[in-house]
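[1] Got a predicted model here, sequence first, then my questions.
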Amino acid sequence: MEFIKVNKAYVKHIALIQLNRPKELNALNLQLMGEIRDNLKELDQDDEVRVIIITGDERAFAAGADIKQMAGKSTIDMWKVDQFSTWDQINKTRKPIIAAVSGFALGGGCELAMTCDMIVASETAQFGQPEIKIGVMPGAGGTQRLTKALGKAKAMELVLTGKFISAEEAYDYGLVNKVVPTEVYLKETVALASEIAAMSPIAVQMAKEAVKRSFEVPLEEGLHFERKNFYMLFSSEDQKEGMNAFVEKRKPDFKGR
Ligand code: CO8
């Protein structure tokens, strides 16, 4: 791997993917995105891993797609590369992914953070979709996910002017889960990941699937999907362990079975 670092056991049950193009503010070139996709696929199948964190560095989570790589491309070049199939694959990851964001999360960087399930932001984080300033528009979900998170008026403003919002503002709009001092943003992300990693991984993944479904389908269909996943969990050992532990007044020990 050239552009990311991966630690499968950063903390017990928690894997860390760190974008590693610091000089380019972690600009997302095709190879980097491919590396994220391939590693997420592998981590998703590793029973030891329950939660995945994606982070950058203090200065930048990611400043967007690699403009230098895209600048001279034609429509057909872009179409042939089909980079969005990589994003679709990332979006299919079953395990929860938390973005630990410090500094710039712009364009594709903001979209990558929003593709994750939760975002922990350092107080220096800035979010934005500045593609309009370079003559294009968001292409990896920005117009959709930002609008769902911020509402039409604010999303329209960000997408049409390219201006950034601060971590605090992003928190007020519900785009991020929490804002913490820069020195501890990764530590706080790990703390959140650890809380989730202590739950039944099967229940976590089915719950994630159901929450995500709410963005895709009408309420009735979503409720139906939720019920099916709920029933399905009663065939897991973890359901027995969780409920028995409650009755026996002890801590459950979930095995992911
Ligand atoms: N692509 C390529 N290189 C970049 C990018 C980028 N997106 N962002 C920064 N860099 C490079 C700079 O060129 C510079 O390199 P060099 O030192 O060789 O000149 C280095 O990173 C440091 O950047 P700056 O000197 O500009 O640092 P500043 O602190 O002055 O400014 C900014 C920081 C404000 C973040 C500024 O770099 C900037 O505006 N960057 C571009 C932000 C942007 O427009 N992002 C959107 C890109 S388009 C996009 O994301 C489309 C998404 C849809 C498809 C997704 C597929 C992956």
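    That came through fine.

[2] What residues does residue 217 make contact with?
    When contacts are counted by CB atoms under 8 Å, 6 or more residues apart in numbering, residue 217 touches residue 225. Any C-beta I mention is one placed from the backbone N, CA and C, and that applies to glycine too.

[3] So residue 8 belongs to a strand, correct?
    Yes - counting by DSSP: H, G, I helix; E, B strand; the rest coil, residue 8 falls inside a strand.

[4] Quickly note the distance from it to the ligand.
    24 Å (CB to the nearest ligand atom, to the nearest Å).

[5] And residue 209, by the same measure?
    On the measure of CB to the nearest ligand atom, residue 209 and the ligand end up 24 Å apart.

[6] My guess is that residue contacts residue 94. True?
    Yes - counting by CB atoms under 8 Å, residue 209 touches residue 94, with 7.1 Å between them.

[7] Residue of the stretch 151-257 of the chain nearest the ligand, please.
    As assessed by CB to the nearest ligand atom, the ligand sits closest to residue 162 within the stretch 151-257 of the chain, at 7.6 Å.

[8] So the residue lying closest to that residue once chain neighbours are set aside versus residue 199, what's the distance?
    Leaving out its chain neighbours, the residue that sits closest to residue 162 by CB to CB, 6 or more residues apart in numbering is residue 130, at 3.8 Å. The gap separating residue 130 from residue 199 is 37 Å, by CB to CB, to the nearest Å.

[9] returning to what we had before: go ahead and confirm the residue of the stretch 151-257 of the chain closest to the ligand touches residue 135.
    No - look at residue 162 against residue 135 with CB under 8 Å: they stay out of range, at 10.9 Å.

[10] ok, those two, which is more surrounded?
    residue 162 (16 against 6; other CB atoms under 10 Å).

[11] What parts of this protein come near the ligand?
    Counting by CB under 6 Å from any ligand atom, the residues of the chain close to the ligand are 24-25, 27-28, 33, 63-68, 83, 104, 106-108, 130-131, 134, 138-140.

[12] Which of those fall in helices?
    Residues of the residues of the chain next to the ligand located in helices (DSSP state H): 33, 67-68, 108.

[13] ok, and the most crowded of those residues?
    Using other CB under 10 Å as the neighbour criterion, residue 108 leads these with 27 neighbours.

[14] which residues does the residue nearest to it when sequence neighbours are not counted contact?
    Leaving aside its sequence neighbours, residue 108 sits nearest to residue 65 (CB to CB, 6+ apart; 4.0 Å). Neighbouring residues of residue 65 by CB under 8 Å, 6+ apart: 27-29, 107-108, 139-140.

[15] if you set the cut-off to 7 Å instead, what comes out?
    Residues near residue 65 by CB atoms under 7 Å, 6 or more residues apart in numbering: 27-28, 107-108.

[16] if we can go back for a sec, of residue 130 and residue 199, who's got more company?
    residue 130 (20 against 17).

[17] if we can go back for a sec, so the residue nearest to residue 162 sits against residue 106, correct?
    Yes - between residue 130 and residue 106 there is a contact under CB atoms under 7 Å: 5.6 Å.

[18] Dump the ones in helices among the residues of the chain next to the ligand into JSON lines; add pLDDT and distance to residue 250 as well.
    Below are these laid out as JSON lines (pLDDT from 0 to 100; distance: CB to CB, whole Å):
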{"residue": "33", "pLDDT": "97", "distance to residue 250": "44"}
{"residue": "67", "pLDDT": "97", "distance to residue 250": "55"}
{"residue": "68", "pLDDT": "97", "distance to residue 250": "57"}
{"residue": "108", "pLDDT": "98", "distance to residue 250": "46"}
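
[19] quick revisit: can you check the pLDDT for the residue of the stretch 151-257 of the chain closest to the ligand?
    pLDDT, residue 162: 98.

[20] Repeat that for residue 38.
    pLDDT at residue 38 comes out at 97.

[21] Helix or strand for residue 240, just tell me which one.
    Using DSSP states H and E, residue 240 falls within helix 237-247.

[22] Go ahead and name everything in contact with that helix.
    With contact meaning CB under 7 Å, 6+ apart, helix 237-247 is reached by 200, 202-203, 233, 251-257.
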